[in-house]
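*Asks:* Sequence isn't available, so here's the structure alone:
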Ligand SMILES: Cc1ncc(COP(=O)(O)O)c(C=O)c1O
């Protein structure tokens, strides 16, 4: 730990990244050789190494002299500006601005009148689990469904129940930061498979294959993707599924944006892999973020394990909210919402084409993730701060992965007139740059 601390200080002085995949791989190879020599179990030695690497990285990160501006810092600044009377257009948010389905309101009232405000079975009320099972796939049974407090808690319970300290998980970047946060929380080591705009955000299956070792227990994917809007085609998904299968790993597929897939989308459930976990939610498609209802579908054994985590942490999702979710399933709101979101993202794209940005046209989700052209010298945080001064909040690209410092994420969760105004200011900010 003393040596790690010292190395951290030196790296900080030299402005060198804390982690180096090649060095890690070399260490892994020599540790596995040494373990073999002394007859130590390969998986166990891998776990011990991961614990040490994770601790060392944390310690080194603490030695960095100039911590970067975080999302939180930027949002705090937006709040301060608003409190001082400045109007901010919020194009950073990840929640729909429109209403939940109308019948959700009556379901909420009816829950009260019918005394539906008690603890429920940890996995959720039977009717909701049955309705979700019927919606996703005819062969899914209700005991393969767990209702969770948002997709976020589904992700957390999967990590907490299926991974142990020292295990490895592979996440495809850019990615929603919660996967890394959950891995850190349970003491698992996260390995990042980077994708690029130049490669149309397609993950390289060969690189993925090389990242797998005896400690790797899970792959996490999220399509339609936050922040890129990418939807993977079947061929590459099949390759990922077969890598998971060949190595007996869990495959967690976060599909919270599947209602916003513009040209079709095939859920992981349709690939028939027994160790896959499909996660979704009512937050995005039904605009019900604050109701906190999500769900996971997996084999019964996995669902039972996840239920133990949920039972320990929160007993069950609030019963009235589960009835609201059941009501929401009856309408066709997600379809209307998808049309609305597609129109907004088209508008953003058409404006971005005229400014200094390159981007992948979203095939789904609620965001555009553009990259500044080479003539802009600033990094994402500098651009985001400049934009804030002009009254527009967007998310810095590096919040979704360290290499993405020349990206910002623009959300379509505002009405078109506000988006237009925000994009006018964005254009002005880029001209200033
Ligand atoms: C990829 C992804 N998964 C899950 C969530 C959270 O969903 P929920 O509100 O259901 O917890 C988000 C929220 O932004 C997200 O972007």
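*Replies:* Alright, I've got the coordinates. This is a predicted model, so every value here is computed, not measured.
*Asks:* Which strand residues bridge residue 261?
*Replies:* When bridges are taken as DSSP bridges, the partners of residue 261 come out as residue 364.
*Asks:* isn't it right up against residue 362?
*Replies:* No: if you go by C-beta atoms under 8 Å, residue 261 and residue 362 don't touch, sitting 10.1 Å apart. Heads up, the C-betas are built off the backbone N, CA and C, glycines and all.
*Asks:* neighbour count winner among those two?
*Replies:* Just comparing residue 261 and residue 362: by other C-beta atoms under 10 Å the higher neighbour count belongs to residue 362, 27 against 19.
*Asks:* re earlier: overlap in contacts of residue 261 and residue 362?
*Replies:* By C-beta atoms under 8 Å, 6 or more residues apart in numbering, residue 261 and residue 362 have these common neighbours: residue 224.
*Asks:* Contacts only, for residue 349.
*Replies:* 359, 361, 362, 368.
*Asks:* Enumerate the residues of the stretch 151-300 of the chain near the ligand.
*Replies:* Those residues of the stretch 151-300 of the chain that sit near the ligand, judged by C-beta under 6 Å from any ligand atom, are 151, 152, 176, 222, 226, 254, 256, 281, 283, 289, 294.
*Asks:* And for stretch 75-92, what's in contact with it?
*Replies:* Applying C-beta under 8 Å, 6+ apart, the contact partners of stretch 75-92 are 74, 385, 388, 391-395, 409-411, 413-414, 418-419, 421-422, 425.
*Asks:* So which helix or strand of this structure has the lowest pLDDT on average?
*Replies:* When the helices and strands of the chain are compared on mean pLDDT, DSSP states H and E, helix 71-83 comes out lowest with a mean of 80.
*Asks:* Just the buried residues of the contacts of residue 349.
*Replies:* Among the contacts of residue 349, those buried by neighbour count (16 or more other C-beta atoms under 10 Å) are 359, 362, 368.
*Asks:* any idea how far residue 398 is from residue 360?
*Replies:* Using C-beta to C-beta, to the nearest Å, residue 398 is found at 17 Å from residue 360.
*Asks:* which residues does the residue of the stretch 1-150 of the chain found nearest the ligand contact?
*Replies:* Of the stretch 1-150 of the chain, the residue with the smallest distance to the ligand, taken as C-beta to the nearest ligand atom, is residue 150 at 2.7 Å. Residues in contact with residue 150 (C-beta under 8 Å, 6+ apart) are 281, 283, 289, 292, 293, 294.
*Asks:* Give me the buried subset of the residues you listed.
*Replies:* 281, 283, 289, 292, 293, 294.
*Asks:* ok, those vs residue 169, which is closest?
*Replies:* Closest to residue 169 out of the buried ones among the contacts of residue 150 is residue 294 (19.4 Å), distances taken as C-beta to C-beta.
*Asks:* does the closest one have beta-bridge partners, and which?
*Replies:* Partner residues in beta bridges with residue 294: residue 148, residue 281, with DSSP bridges as the criterion.
*Asks:* That one and residue 286 touch, don't they?
*Replies:* No: counting by C-beta under 8 Å, residue 294 sits too far from residue 286 to count as a contact (11.2 Å).
*Asks:* For the nearest residue to residue 298 once chain neighbours are set aside, give me phi and psi.
*Replies:* In space, not counting the residues next to it along the chain, residue 298 is nearest to residue 277; the distance is 4.2 Å by C-beta to C-beta, 6 or more residues apart in numbering. As for residue 277, its main-chain torsions (degrees, to the nearest 10) stand at phi -130, psi 110.
*Asks:* now residue 89
*Replies:* Its backbone dihedrals place residue 89 at phi -90, psi 120, with angles given as degrees, to the nearest 10.
*Asks:* Quick check: chain neighbours aside, which residue is closest to it?
*Replies:* Nearest non-adjacent residue to residue 89, counting by C-beta to C-beta, 6+ apart: residue 422, 4.0 Å away.
*Asks:* Pull out the buried residues from the helix or strand harbouring residue 59.
*Replies:* Residue 59 is part of helix 42-62 when elements are defined by DSSP states H and E. Judged by neighbour count (16+ other C-beta under 10 Å), helix 42-62 contains these buried residues: 45, 46, 47, 49, 50, 53, 54, 56, 57, 59, 60.
*Asks:* what residue ranges in this structure score low on pLDDT?
*Replies:* For the chain, applying pLDDT under 70 flags the ranges 65-72, 431-433.
*Asks:* Closest one to residue 11 out of the contacts of residue 349, please.
*Replies:* The nearest one, if we look at the contacts of residue 349 relative to residue 11 and count by C-beta to C-beta, is residue 359, at 32.5 Å.
*Asks:* Tell me how many other residues surround the nearest residue to the closest one once chain neighbours are set aside.
*Replies:* The shortest distance from residue 359 to any non-neighbouring residue, by C-beta to C-beta, 6+ apart, is to residue 370 (3.7 Å). Number of residues near residue 370 (other C-beta under 10 Å) recorded here: 25.
*Asks:* just the one 5 residues further on next, same as before
*Replies:* Residue 375 has 8 neighbours, counted by other C-beta under 10 Å.
*Asks:* Over to the residue nearest to the spatial centre of the chain. Which of the three states is it?
*Replies:* Residue closest to the average C-alpha location in the chain (C-alpha atoms, centre = their mean): residue 176, at 2.7 Å. The three-state label for residue 176, taken from DSSP: H, G, I helix; E, B strand; the rest coil, comes out as coil.
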